[in-house]
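Trainee: sequence and computational prediction follow.
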Protein chains: 2
Amino acid sequence: MVEPKTTANPLFLRDEDLRQAIELLFFAYRDFTARADALLARRHFGRAHHRVIYFVGRHPGLSVSHLLAILNITKQSLSRVLSQLVREGYIAQKQGDSDRRQRLLNLTEKGVALERDLSAEQRVRIAAAYKEAGGIAVEGFRKVMLGVMDADVRGRFGAPNG
Amino acid sequence: MVEPKTTANPLFLRDEDLRQAIELLFFAYRDFTARADALLARRHFGRAHHRVIYFVGRHPGLSVSHLLAILNITKQSLSRVLSQLVREGYIAQKQGDSDRRQRLLNLTEKGVALERDLSAEQRVRIAAAYKEAGGIAVEGFRKVMLGVMDADVRGRFGAPNG
DNA sequence: ATACTATGTCAGCAGTATTGACTTAAATGT
DNA sequence: ACATTTAAGTCAATACTGCTGACATAGTAT
């Protein structure tokens, strides 16, 4: 057994284990987003619209700059998508109370309905995967996913770990 | 086991749990690909180039149609990216032995070097996450990820030996 | 010969994201 | 008060990804 001595392998992680993880992420993410992408395409929307709809639904009254920070994209990139969603009545903007420069974002009823449609299949998929894997596995999944993302984003989740 | 009476939730899955899973996938995938994306941008390549480089490295002698099946994209989409990689000397094509219509794909030395650069940070990231989470968690991660992807893709992983 | 398969190409369209430059309006600091 | 910074938006140019449709070439299979 020749273990390639590439970079330091602090655990007993073979190259195969690392490759498998990379592929698990690729295929899971690809399939996880595929159906929503298809739904969006019918409405002439893309994945970016979904993300905006999702996070506005998740954080009602979100400011544009906060949304930008979550998505990690430029305001110009967001602009096209957000303007479209506002123009077509999925998202409502209202002036901030304390800071009137802000345009706080909320889903309209139409937006809530779209969000539900888009994430319905994803929720079913997650629920099925969680159920089949069991509670211990879910806890492991959470740990690994938190470890994969950037450290400064972990705080967003009720992370018991560092 | 206690069976909660929540209608659409066969497990103990609250809406919050499902949302968290969606976000774990989003943030982990986003951060997982971010550095490689930056490296690619310097070479005027994109994520699609990375995927091609990755899977050709993973499966030397891969045929174009098999690569297409793995990536789930059209040949026209692949064509632009693949032609570029061949033209710039990252991937070599050779005629198939049994079927001379095939153009079997292999990484050149240059391609191997690029693949290593691109996945180096990803491997470190996975290794760190795995190490911190521990073996049980890793097993759970694998189970959940397999459950999230489409059933017909799971065969690619673990089921028969490894 | 005919049909099918593997691969490639041209053209056009849409979506996502970038950088750079500039604007408006409101908050804030000195 | 005046200057600076911040929140949001806009215009323009560029690039990567993916799609559909149409067509071409070569090799395989009947």
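Mentor: Received the coordinates, thanks.

Trainee: run through the neighbouring helices and strands of whichever strand or helix holds A:Ser65.
Mentor: Assessed by DSSP states H and E, A:Ser65 sits inside helix A:64-71. Helices and strands touching helix A:64-71, as assessed by 3 or more C-beta pairs under 8 Å, 6 or more residues apart in numbering or on different chains; DSSP states H and E, comprise helix A:47-58, helix A:75-87, strand A:103-107. In this view, the C-beta of every residue, glycine as well, is placed from N, C-alpha and C.

Trainee: report the buried residues of the biggest helix by length in chain A.
Mentor: Longest helix in chain A by number of residues, with DSSP state H as the criterion: helix A:15-42. Buried residues in helix A:15-42, counted by 16 or more other C-beta atoms under 10 Å in any protein chain shown: A:17-33, A:35-36, A:40.

Trainee: and if you look at stretch A:122-139?
Mentor: Using 16+ other C-beta under 10 Å as the test for burial, stretch A:122-139 gives A:122-123, A:125-127, A:129-131, A:133, A:137-139.

Trainee: poorly predicted segments of chain A, please.
Mentor: Scanning chain A for pLDDT under 70 picks out the ranges A:1-11, A:159-162.

Trainee: between the helices and strands packed on helix A:64-71, which gets nearest to B:Leu62?
Mentor: helix A:47-58 (27.3 Å; C-beta to C-beta).

Trainee: could you dump the helix holding A:Ser65 to PDB, C-alpha only?
Mentor: Output in PDB follows, covering the C-alpha atoms of helix A:64-71 (Å, rounded to 0.1, in the frame of the first residue of the first chain):
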ATOM      1  CA  VAL A  64     -30.200  45.000   1.100                       C
ATOM      2  CA  SER A  65     -26.700  45.300   2.500                       C
ATOM      3  CA  HIS A  66     -27.300  42.400   4.900                       C
ATOM      4  CA  LEU A  67     -28.600  40.300   2.000                       C
ATOM      5  CA  LEU A  68     -25.500  41.200   0.100                       C
ATOM      6  CA  ALA A  69     -23.300  40.000   2.900                       C
ATOM      7  CA  ILE A  70     -25.200  36.700   3.200                       C
ATOM      8  CA  LEU A  71     -25.000  36.000  -0.500                       C
END
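
Trainee: compute the inter-axis angle for that helix and helix A:47-58.
Mentor: Interaxial angle, helix A:64-71 versus helix A:47-58 (axes from the mean of the first three to the mean of the last three C-alpha atoms, to 10 degrees): 120 degrees.

Trainee: count the neighbours of the closest residue to chain B within chain A for me.
Mentor: As assessed by C-beta to the nearest C-beta, chain B sits closest to A:Gly140 within chain A, at 2.4 Å. By other C-beta atoms under 10 Å in any protein chain shown, 24 other residues sit near A:Gly140.

Trainee: ok and the residue in chain A nearest DNA strand C?
Mentor: As assessed by C-beta to the nearest atom of the strand, DNA strand C sits closest to A:Gly46 within chain A, at 1.8 Å.

Trainee: quick check, the residue in chain A closest to DNA strand D?
Mentor: Chain A approaches DNA strand D most closely through A:Ser65 (2.9 Å), counting by C-beta to the nearest atom of the strand.

Trainee: with adjacent residues omitted, what lies nearest to the most centrally placed residue in chain A?
Mentor: Centrality entry for chain A: nearest residue to the mean C-alpha point is A:Arg51, 6.7 Å, by C-alpha atoms, centre = their mean. In this structure, A:Arg51 finds its nearest non-sequential neighbour in A:Leu71, 6.1 Å apart by C-beta to C-beta, 6 or more residues apart in numbering or on different chains.

Trainee: you'd agree the one you found is up against A:Ser65?
Mentor: No: using C-beta atoms under 8 Å as the test, A:Leu71 is too far from A:Ser65 to be in contact (10.9 Å).

Trainee: more crowded one of these two?
Mentor: A:Leu71 (17 against 13).

Trainee: neighbours of the closest residue to A:His66 other than its chain neighbours, how many?
Mentor: Nearest in space to A:His66, with sequence neighbours left out and distances taken as C-beta to C-beta, 6+ apart, is A:His59 at 7.5 Å. When neighbours are counted by other C-beta under 10 Å, A:His59 registers 14.

Trainee: and for A:Gly96?
Mentor: By the criterion of other C-beta under 10 Å, A:Gly96 has 12 neighbours.

Trainee: on that earlier part again, could you name the helices and strands sitting against the longest helix of chain A?
Mentor: Contact here means 3+ C-beta pairs under 8 Å, 6+ apart; on that basis helix A:15-42 packs against helix A:47-58, helix A:109-133, helix B:15-42, helix B:47-58, helix B:109-133, helix B:135-148.

Trainee: can you lay out those helices as a markdown table showing distance to A:Asp152?
Mentor: Output for the helices and strands packed on helix A:15-42, formatted as a markdown table (distance: least, C-beta to C-beta, whole Å):
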| stretch | distance to A:Asp152 |
| --- | --- |
| helix A:47-58 | 17 |
| helix A:109-133 | 25 |
| helix B:15-42 | 10 |
| helix B:47-58 | 22 |
| helix B:109-133 | 14 |
| helix B:135-148 | 21 |
